[in-house]
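Chemist: Below are the sequence and a predicted model; questions follow.
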Amino acid sequence: MNQKVLAVANKYKKHAVVDVRTGDVVKVGQRIKEGSKERIQNFEGLVIRVRNKGGVANSILVRRLASGVWVEKSFMLNVPSVESVEVLRRQKVRRNYLTYMRERAGKNARLKPATKFDKNAVNTLPAKPEVKVEEPAVTEQKDSQNK
């Protein structure tokens, strides 16, 4: 890809995004603006698809049951309106896109839990990389005024 396009894309990319995988149960906090007020709305559900992992267009498709109706919502992880993503559970899956979960309900929709899942380790974000700022070199000059 063109270097200029990559430079612009990396400028808008968030420095730290949680490692979300297909089969995770996540809670996504999205900033909603209603009139002059803003609030954070949580959407908790199963990740059935992950796209462009590691790129600027990184997105996840989350599915949950709301009022007896299955709802799917897509979130782009690098947009400013996505406030937080927290992985609640990790489950063992062998596919990238869980289309078969759409036909399942109740006990048939259960997945096996992943082994050795540490919730705290997954949700810990890496530190923001430090940007080195070079200070201009100070040259020592002889004070002719103090003689």
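Modeler: Yep, it's here.
Chemist: Please, where are all the helices along this protein?
Modeler: For the chain, the helices defined by DSSP state H cover 3-12, 119-123.
Chemist: Kindly format the C-alpha coordinates of the first one as CSV.
Modeler: Read that as helix 3-12. Coordinates of each C-alpha in helix 3-12 appear next as CSV, following Å, rounded to 0.1, in the frame of the first residue of the first chain:
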residue,chain,number,x,y,z
GLN,A,3,3.2,5.0,2.2
LYS,A,4,1.1,8.2,2.3
VAL,A,5,-2.1,6.3,2.7
LEU,A,6,-0.5,4.2,5.6
ALA,A,7,0.7,7.4,7.3
VAL,A,8,-2.8,8.9,7.2
ALA,A,9,-4.4,5.6,8.3
ASN,A,10,-2.0,5.2,11.3
LYS,A,11,-2.8,8.8,12.4
TYR,A,12,-6.4,7.8,13.1
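Chemist: that older thread, for the helices of the chain, which one ends up most surrounded?
Modeler: helix 119-123 (a mean of 12; mean count of other Cβ atoms under 10 Å). For the C-beta atoms, the positions are set from N, CA and C on the backbone; glycine is no exception.
Chemist: Report the mean confidence score over that one.
Modeler: For helix 119-123, mean pLDDT rounds to 79.
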